[in-house]
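Engineer: What shape does this take:
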Amino acid sequence: MFPLMRGLSYATVFLSFFLVFLPARVLELAGINSVRPVGPVQVAGAIVVVLGLALALWCVVTFAVAGKGTPAPFDPPRRLVVRGPYSIVRNPMYVGGITALAGASLYYESLALLAFTSAFALTTHLFVLFYEEPTLARLFGDDYADYRRHVGRWRVRSRG
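Structural biologist: Numbering: from 1, shown residues only. This is a model prediction of the structure:
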């Protein structure tokens with residue numbers, strides 16, 4: 001139970017900063033400071049946001065239950081997490097966050113927010129390449145190498 005509480009606490013801070021605070025600043029700088037009239041584009045964007053956030057939350061719970069840790073680099077899982085969304089793609093939490101940001105870009109019809117989403121995706125990719133993957137390889141050795149062979153970093157691999 002304690003890893004879940006820690007994970008939800010850290011996720012709240014992370015999600016609030018990267019998926020609420022910073023995007024709100026981007027929208028403000030772009031001159032978008034009012035709620036959009038709700039139309040089909042906004043409904044589609046809201047659905048994408050909810051799907052992205054649901055995926056991110058699923059990841060936090062999976063980290064706590066299967067890994068006995070959190071997504072935070074300073075409090076990582078004690079076990080390699082390869083279940084749940086991690087059995088489909090190696091970085092589903094980032095996929096969820098990027099999806100949520102893309103949905104917000106659609107909702108607000110904002111190219112500035114789409115540019116922020118792209119910058120966030122690039123930064124995340126570099127973080128994964130230069131920090132996460134080397135760290136996981138060092139911590140989990142052959143188990144992580146086997147996991148990498150079978151599960152794609154960002155895309156679902158065909159099982160054929």
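
Engineer: can you map out the helices along this structure?
Structural biologist: For the chain, helices defined by DSSP state H occupy the ranges 2-16, 22-29, 40-67, 92-108, 111-127, 133-150.

Engineer: And for the most centrally placed residue in the chain, nearest residue in space, chain neighbours not counted?
Structural biologist: In the chain, the centroid-proximal residue (C-alpha atoms, centre = their mean) is Tyr94; its distance is 2.4 Å. Sequence neighbours aside, Thr124 is the residue nearest to Tyr94 in space, at 4.7 Å (criterion: C-beta to C-beta, 6 or more residues apart in numbering). All C-beta atoms are positioned from the backbone trio N, CA, C, and that covers glycine.

Engineer: residues contacting the residue lying closest to Thr70 once chain neighbours are set aside?
Structural biologist: Once flanking residues are discounted, Thr70 sits nearest to Gly7: 4.0 Å by C-beta to C-beta, 6+ apart. Gly7 sits next to 60-61, 63-64, 69-72 when contact means C-beta atoms under 8 Å, 6 or more residues apart in numbering.

Engineer: Which ChimeraX command selects the buried ones in those residues?
Structural biologist: Only the buried entries of those go into this ChimeraX selection, using 16 or more other C-beta atoms under 10 Å:
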select :60,61,63,64,69,70,71
